[in-house]
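Chemist: Requesting a structural model of the entry that follows:
(one chain, ligands or ions: 1)
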Amino acid sequence: MKADQVPPVTLAELRSELVHRHRQLVDYRLVVWTAGNASVRVPDSELFLIKASGVDYDALTPSSMVLCHLDGSLAEESELSPSSDTAAHAYVYRHMPEVGGVVHTHSNYACAFAAVGEPIPCVLTGIADEFGGEIPVGPFARIGDDAIGQGIVATLSGHRSRAVLMANHGVFTIGEDAKAAVKAAVLCEDSARSVLLARGLGAPRVIAQDDVDALYERYQNVYGQR
Ligand SMILES: O=C(CO)[C@@H](O)[C@H](O)COP(=O)(O)O
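Modeler: Below you'll find the model as predicted:
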């Protein structure tokens, strides 16, 4: 089958995939209790799916994924309220058409940087590979409306990084799909952990910009199976 003959993904498949992506957040120890959430854009539509608010990760099923319009309103009748961060995710989808997945976590090491308002410096090749430079800090914003979304879009537009540390809050990541957004959340936490460990040994050294550029270019365009 040629790539252009791959059948379009169904809503049911997207719901199941989003359950799996939330399971990955637990497996990678990026979330505890009901903190955090993930969403996925429904291709070729003005819709996205997002986790229901405050539901245990163990209890998530395809029907716990709430279908929303890009203004954040419900697109179907649902007994479950969508995530408290729905307006933030919706704002990202409206203003970054290239984004197909959004993830939010309170992963500990990255949150430590968010708590002090400090970017994660580009001191390891893995950070250059995935983020193309430091992982930036976004503004403080209250939870519940699109203020968080505005901060995400303002910080990540035109930036290589797919992760932002929202000040005094946590990590928001974006990707072309939900898998890519989860990957960015995993690697953001891994980066933060390594940098904090390095600081116990001495002063981490920032990689030269031309090396960062070369590493990013290779990882994004050459690494892995093409
Ligand atoms: O960041 C926050 C609250 O600080 C929220 O994102 C919660 O962590 C998860 O909320 P729901 O998605 O369950 O509404």
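Chemist: On the three-state scheme, the residue nearest the centre of the chain is what?
Modeler: Centroid-nearest residue in the chain: Thr173, 2.2 Å away (criterion: C-alpha atoms, centre = their mean). Here Thr173 is strand, with the state taken from DSSP: H, G, I helix; E, B strand; the rest coil.
Chemist: Now do the same contact list for the closest residue to it other than its chain neighbours.
Modeler: Counting by C-beta to C-beta, 6 or more residues apart in numbering, Ala184 is the residue found nearest to Thr173 once chain neighbours are left out, at 3.8 Å. All C-beta spots, glycine's among them, are computed from the backbone N, C-alpha and C. Listed by C-beta atoms under 8 Å, 6 or more residues apart in numbering, the contact set of Ala184 reads 103, 130-131, 162-163, 173-175.
Chemist: make it 7 Å
Modeler: Going by C-beta atoms under 7 Å, 6 or more residues apart in numbering, Ala184 touches 130, 162-163, 173, 175.
Chemist: Which single one of the residues you listed is nearest to Val42?
Modeler: Gly175 (15.3 Å; C-beta to C-beta).
Chemist: what's the neighbour count on that closest one?
Modeler: 21 (other C-beta atoms under 10 Å).
Chemist: Same question for Glu176.
Modeler: Residues near Glu176, counting by other C-beta under 10 Å: 13.
Chemist: which one of the contacts of Ala184 is nearest the ligand?
Modeler: Thr173 (13.2 Å; C-beta to the nearest ligand atom).
Chemist: ok, the closest one - contacts?
Modeler: Contacts of Thr173 (C-beta under 7 Å, 6+ apart): 103, 162-163, 181, 184-185, 188.
Chemist: And the next helix or strand past the longest helix along the chain?
Modeler: Of all the elements of type helix in the chain, the one with the most residues (DSSP state H) is helix 178-199. Per DSSP states H and E, helix 178-199 leads on to helix 209-221 as the next helix or strand towards the C-terminus.
Chemist: list the helices and strands that following helix packs on?
Modeler: helix 125-131 (3 or more C-beta pairs under 7 Å, 6 or more residues apart in numbering; DSSP states H and E).
Chemist: which residues are contacting the very next helix or strand once past the helix it packs on?
Modeler: Toward the C-terminus, helix 125-131 is succeeded by strand 137-138 as the next helix or strand (DSSP H and E). Strand 137-138 has contacts (C-beta under 7 Å, 6+ apart) with 114, 117-119, 151-152, 155, 164-167.
Chemist: if you set the cut-off to 10 Å instead, what comes out?
Modeler: For strand 137-138, contacts defined as C-beta atoms under 10 Å, 6 or more residues apart in numbering pick out 113-114, 116-120, 148, 150-156, 164-169, 172.
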